[in-house]
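> next input, structure requested:
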Amino acid sequence: MKHEIVTSDITVVGGGLAGVCAAIAAARLGQTVSLVQNRPVLGGNSSSEVRVWVCGATSHGLHRYARETGIMGEMFVENQYRNIDGNPYLWDLIVLEKVKAEKNITLFLNTDVHEVDADGDEDSRTIRSVTGWMMGSERRIRFESRVYLDCTGDGLVGFLAGAKFRIGREAQEEFSEEWAPLVPDDITLGSTLLFYTKDVGRPVKYIAPSFAKDITQTTIPMKRVIRSGDNGCAYWWIEWGGELDTVHDNEKIRDELSSVIYGIWDYIKNSGKFEADNLTLEWIGSLPGKREYRRFVGDYVMNQNDVIAQEPFEDRVAFGGWSIDLHPPQGMYATAKGSKHMHVDGSYHIPFRSLYSVNTTNMLMAGRNISASHVAFGTTRVMATCAVIGEAAGTGAALCAAKGISPRELHGSHLCELQQTLLRQDASVLGIKNADADDLVLSASLTASSTLSQLAVETSASVYPLTDSVALLVPVDPHIEGIELLLDASENTELTVELWSTGKPQNYVPHTQVAAVQVAVSQGSEQWIPVPLSWHPDVAQNAFIILRSNPALSIHKSDKLQSGVLGLKYKDNGNSADYGDTTPNQPVVDWTPREFNRQPICFRLLSPTSAYSADKAANGFKRPYGGPNMWSSARIEADQPEWLEISWPNEVPIRSVQLTLNDDVHEDLINLHHHRTEFEVIPELVKDYKLQAFAHGEWKTVAEELNNHTRHHIHTFPETVVTNRLRLLVESTNGAERAEIVEIRCYS
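Predicted coordinates:
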């Protein structure tokens with residue numbers, strides 16, 4: 001046996017997406033990181049071993065402008081570019097490559113941590129080391145660090161260290177949670193196995209193994225959707241173990257799930273009820289995808305009310321948006337539907353106090369084991385949210401290691417630095433503005449070659465009957481003085497139009513009615529109808545404009561996306577048997593954008609807008625929040641590049657420039673098999689650009705990028721550039737008609 005000691009600034013145990021993002025975030029901030037994973041691949045439940053698709057704040061497209069940025073966003077966009085069809089092995093490579101790109105990370109695969117050396121009393125524990133066994137290599141490795149992150153999902157490291165934790169459901173009275181049981185218990189969400197099928201083009205027989213479950217003798221065919229040709233995400237409901245111990249009974253749970261999958265396939269292939277002659281069972285998981293086990297106690301325990309109220313925590317460091325999604329304890333054998341959902345009006349915030357242990361001084365946690373009640377965990381548990389939590393925790397760990405302080409001390413004395421560091425990294429944080437004193441752009445003036453100031457979508461591609469109410473969401477900056485709509489009318493009639501505010505800046509639902517008008521529409525086609533809506537809000541924000549249903553009218557849809565503009569339809573709530581029960585009267589579900597994705601409603605604003613002015617690229621926000629928060633040119637043409645210029649009263653020294661390009665965070669990307677997005681590169685992304693500095697009476701190119709397909713760029717110059725004028729020259733996009741820049745920063 002080989003005994004080793006590995007010393008690093010930070011040890012991250014767990015190589016799921018939370019651990020991966022935590023390790024990368026810490027490494028990028030200059031800390032050495034040991035990333036320890038007990039499987040041969042990274043990615044956790046998203047890996048080729050389990051193949052759960054990565055869900056997050058977009059909630060499968062229900063939430064608007066909610067796709068994660070930061071490290072998780074980088075992986076989404078890269079996977080779309082390199083793996084558009086969702087090959088699980090290519091996803092493994094993308095995650096692995098992301099880790100291997102960081103020179104400060106040392107990766108230990110197949111290494112199972114099962115010993116923790118910690119000291120102190122019950123109220124104040126300190127981890128001194130963790131020890132793991134590298135399977136197949138006969139290596140016993142002791143990891144010594146200043147800071148530890150438990151990203152194991154099951155919470156083994158913290159448990160062995162003596163960190164306080166919970167398992168199961170809290171009583172309703174503890175947090176006044178509507179969905180909590182009256183009496184606390186140890187019930188959790190169960191585990192799942194998935195399977196793939198394949199059409200081989202010829203008949204394939206299937207003889208079920210002797211241990212296959214006869215599902216006709218269970219409630220499964222009556223209560224769950226079974227279809228031939230489905231695989232993966234369609235069978236998320238093959239879940240069991242919520243009434244058992246999902247760790248200690250893991251093998252029993254796996255065997256039961258496996259027997260049910262072979263029984264379902266027997267039912268599909270041999271019952272005669274399905275067209276499945278040419279289908280074969282291509283892959284079945286052997287590792288249960290766990291949903292829930294230990295949840296550590298932090299300085300704050302998130303609960304259902306925080307999620308639903310979108311509590312604006314002072315220490316917010318990440319966001320989520322998936323529904324509170326709870327499953328019956330009996331899983332696939334339950335007579336109730338496989339899940340129930342309570343949606344939030346928009347994205348909610350996650351506090352840093354829920355990411356470090358209340359009694360283990362040098363431990364942070366990320367993933368499904370953070371400090372949350374069972375009900376709140378129903379939304380924070382999904383993988384893209386775990387990933388952004390991981391980036392936040394890893395950033396916090398890096399600052400703790402660098403300063404020699406605890407996470408609690410970081411929260412108490414350096415919270416602003418933590419949040420500003422996350423913003424600088426393009427992490428998923430909402431509603432916090434750039435206040436980085438080192439960013440030279442905050443003391444500069446911004447101008448542009450042109451600016452989109454007349455907001456309109458005028459090119460019709462299809463006609464859409466107004467049989468249901470629809471809505472148009474547009475930025476109001478600083479005001480609206482009338483709007484025109486392109487309409488067809490089968491007879492003389494009236495259109496009722498209402499203008500609503502959206503409430504919170506991250507929400508895209510009707511909240512408070514501001515105005516309502518009725519306008520006469522004569523019989524005819526392709527008529528631009530003026531609607532005299534007026535609104536002068538105190539602050540720039542979005543307007544939710546409702547066109548009430550009228551069977552005599554049709555609107556026009558375009559095939560040209562306009563950033564910052566959304567179309568939505570009422571009452572297509574997607575409450576199908578596939579996804580369980582959805583709590584009624586939830587506006588984010590009642591108003592769906594799916595039928596208008598990249599097909600906006602044709603309209604014209606009759607007053608100019610400042611929503612896309614040059615200074616929006618330095619207004620402090622990194623994503624849509626009360627408006628698009630980007631500079632947009634009026635146009636872009638091959639022979640006439642657009643530019644965004646930063647100027648200072650005096651010369652400044654610039655060593656690096658950070659660019660955030662628009663990658664349309666409304667577009668719902670996926671890593672595996674849930675759906676397919678047809679383009680490899682987000683069209684709104686700038687494709688070719690140059691950074692130029694003005695010196696000695698001329699523009700000199702100091703950096704350039706060709707064939708770009710990513711969002712966040714850092715250009716560090718070999719030598720300091722001294723200038724009082726810098727510009728970004730946009731030569732082409734990946735298909736959009738305008739140059740769009742979310743943010744530009746300069747550092748000396």
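> quick one: the strands in the stretch 301-450 of the chain, in order.
Counting by DSSP state E, counting those that start in this stretch, the stretch 301-450 of the chain has these strands, from start to end: 316-320, 324-326, 340-342, 348-351, 363-365, 445-448.
> for those strands, state which one has the densest average packing.
With neighbours defined as mean count of other Cβ atoms under 10 Å, the strands of the stretch 301-450 of the chain peak in mean count at strand 363-365, which reaches a mean of 31. C-betas here are computed from N, CA, C, even on glycine.
> for it, packing partners?
Packed against strand 363-365, as judged by 3 or more Cβ pairs under 8 Å, 6 or more residues apart in numbering; DSSP states H and E, are the following elements: strand 147-150, helix 156-161, helix 383-403.
> could you single out the most deeply buried of those?
The highest mean neighbour count among the helices and strands packed on strand 363-365, using mean count of other Cβ under 10 Å, belongs to strand 147-150: a mean of 33.
> show residues contacting it.
Defining contact as Cβ atoms under 8 Å, 6 or more residues apart in numbering, one finds that strand 147-150 is touched by 9-14, 19, 22, 127, 130, 156-158, 161, 163, 296, 362-366, 369, 393-394, 397, 400-401, 407.
> ok, which of the strands of the stretch 301-450 of the chain comes nearest L90?
The closest of the strands of the stretch 301-450 of the chain to L90 is strand 316-320. By Cβ to Cβ, the value is 26.6 Å.
> packing partners of that closest one?
If contacts are counted by 3+ Cβ pairs under 8 Å, 6+ apart, strand 316-320 sits against strand 348-351, helix 383-403, helix 415-424.
> out of the ones you listed, nearest to I141?
Between I141 and the helices and strands packed on strand 316-320, the tightest spacing by Cβ to Cβ is seen for helix 383-403, at 19.8 Å.
> wait, Q562 touches I601, no?
No. Proximity of Q562 to I601 does not meet the contact threshold set by Cβ atoms under 8 Å, at 9.8 Å.
> which residues are in contact with each of those two?
Counting by Cβ under 8 Å, 6+ apart, the common neighbours of Q562 and I601 are V457.
> quick one on the thing from earlier: right, and the helices and strands packed on strand 363-365 - which one's nearest F195?
Put simply, out of these the one that sits nearest F195 is helix 383-403, at 19.4 Å, with distance taken as Cβ to Cβ.
> isn't L533 up against V517?
Yes. The pair formed by L533 and V517 meets the contact definition of Cβ under 8 Å, at 6.2 Å.
> which stretches in the stretch 501-650 of the chain count as strands?
Under DSSP E, counting those that start in this stretch, the stretch 501-650 of the chain gives strands at 512-521, 524-535, 541-547, 553-557, 566-570, 581-582, 591-592, 603-605, 631-632, 642-661.
> next one: the last one to chain centre, how far?
Put simply, strand 642-661 sits 30 Å off its chain's centre (Cα atoms, centre = their mean, to the nearest Å).
> do the same with the fourth one
Its chain's average C-alpha position is 32 Å from that of strand 553-557, according to Cα atoms, centre = their mean.
> returning to what we had before: okay, the strands of the stretch 301-450 of the chain in JSON lines with distance to D121 next?
Compiled in JSON lines, the strands of the stretch 301-450 of the chain are given as follows (distance: least, Cβ to Cβ, whole Å):
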{"stretch": "strand 316-320", "distance to D121": "29"}
{"stretch": "strand 324-326", "distance to D121": "36"}
{"stretch": "strand 340-342", "distance to D121": "40"}
{"stretch": "strand 348-351", "distance to D121": "26"}
{"stretch": "strand 363-365", "distance to D121": "15"}
{"stretch": "strand 445-448", "distance to D121": "56"}
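> in JSON lines, list those along with mean pLDDT.
Conversion of the strands of the stretch 301-450 of the chain to JSON lines gives the following (pLDDT from 0 to 100):
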{"stretch": "strand 316-320", "mean pLDDT": "98"}
{"stretch": "strand 324-326", "mean pLDDT": "97"}
{"stretch": "strand 340-342", "mean pLDDT": "95"}
{"stretch": "strand 348-351", "mean pLDDT": "98"}
{"stretch": "strand 363-365", "mean pLDDT": "98"}
{"stretch": "strand 445-448", "mean pLDDT": "98"}
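> show me the one of the ones you listed that comes nearest E292.
Closest to E292 of these is strand 324-326 (Cβ to Cβ; 10.0 Å).
> what lies in contact with that closest one?
Outside strand 324-326, the residues touching it (Cβ under 8 Å, 6+ apart) are 179, 189, 304, 307-308, 339-344, 375-376, 378-379, 382.
> could you rerun that using 10 Å?
In this structure, residues lying in contact with strand 324-326 by Cβ atoms under 10 Å, 6 or more residues apart in numbering are 55, 59, 169, 177-180, 189, 242, 291, 304, 307-308, 339-344, 374-382, 579-580, 583.
> select only the buried ones of those in PyMOL?
The PyMOL selection below is limited to those of the contacts of strand 324-326 classed as buried (16 or more other Cβ atoms under 10 Å):
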select buried, resi 55+59+169+177+179+180+189+242+291+304+307+308+339+340+341+342+343+344+374+375+376+377+378+379+380+381+382+579+580
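> closest one to R745 among the strands of the stretch 501-650 of the chain?
Each of the strands of the stretch 501-650 of the chain was checked against R745 via Cβ to Cβ, and the shortest separation belongs to strand 642-661, namely 4.2 Å.
> ok so, going back, for the strands of the stretch 301-450 of the chain, which one sits closest to K433?
Among these, the nearest to K433 by Cβ to Cβ is strand 316-320 (12.8 Å).
> now that closest one against helix 415-424, angle please.
Relative orientation of strand 316-320 versus helix 415-424 (axes from the mean of the first three to the mean of the last three Cα atoms, to 10 degrees): 40 degrees.
> direction included, what does strand 316-320 pair up with?
In the sheet containing strand 316-320, the strands it pairs with under DSSP bridges are strand 348-351 (antiparallel).
> just how off-centre is stretch 242-255 within its chain?
What separates the centre of stretch 242-255 from the centre of its chain is 29 Å, taken as Cα atoms, centre = their mean.
> same check on stretch 346-353?
Averaging C-alpha positions (Cα atoms, centre = their mean) puts stretch 346-353 13 Å from its chain's average.
> same question for stretch 209-222.
The answer for stretch 209-222 is 36 Å, by Cα atoms, centre = their mean.
> number of residues surrounding the residue nearest to S373 when sequence neighbours are not counted?
Counting by Cβ to Cβ, 6 or more residues apart in numbering, the nearest residue to S373 once its immediate chain neighbours are dropped is N303, at 4.5 Å. For N303, the tally of surrounding residues (other Cβ atoms under 10 Å) stands at 21.
> contacting residues for N303?
N303 touches 170, 174-177, 180, 311, 372-377, counting by Cβ under 10 Å, 6+ apart.
> try 7 Å
Contacts were defined as Cβ atoms under 7 Å, 6 or more residues apart in numbering; by that measure N303 touches F175, E177, S373, V375, A376.
> and which of the residues you listed is nearest to A387?
In terms of Cβ to Cβ, no member of the contacts of N303 lies closer to A387 than A376, at 17.6 Å.
> what sits closest to the closest one if chain neighbours are left out?
Going by Cβ to Cβ, 6+ apart, A376 has M302 as its nearest residue, at 4.4 Å.
> please tell me how far that neighbour sits from D439.
For M302, the distance to D439 equals 31 Å [Cβ to Cβ, to the nearest Å].
> higher neighbour count, these two?
The neighbour comparison of M302 against D439 (other Cβ under 10 Å) goes to M302, with 28 against 22.
> all helices for the stretch 351-500 of the chain, in order.
Taking DSSP state H, counting those that start in this stretch to define them, one finds helices in the stretch 351-500 of the chain at 374-380, 383-403, 407-413, 415-424.
> how far off centre is the third one?
Helix 407-413 has its C-alpha centroid displaced from the chain centroid by 26 Å (Cα atoms, centre = their mean).
> for the nearest residue to S534 once chain neighbours are set aside, what are its contacts?
Taking Cβ to Cβ, 6+ apart as the measure, S534 lies nearest to E481, with 5.6 Å between them; neighbours along the chain are not counted. Shown in contact with E481 (Cβ under 7 Å, 6+ apart): S534, L606, S607.
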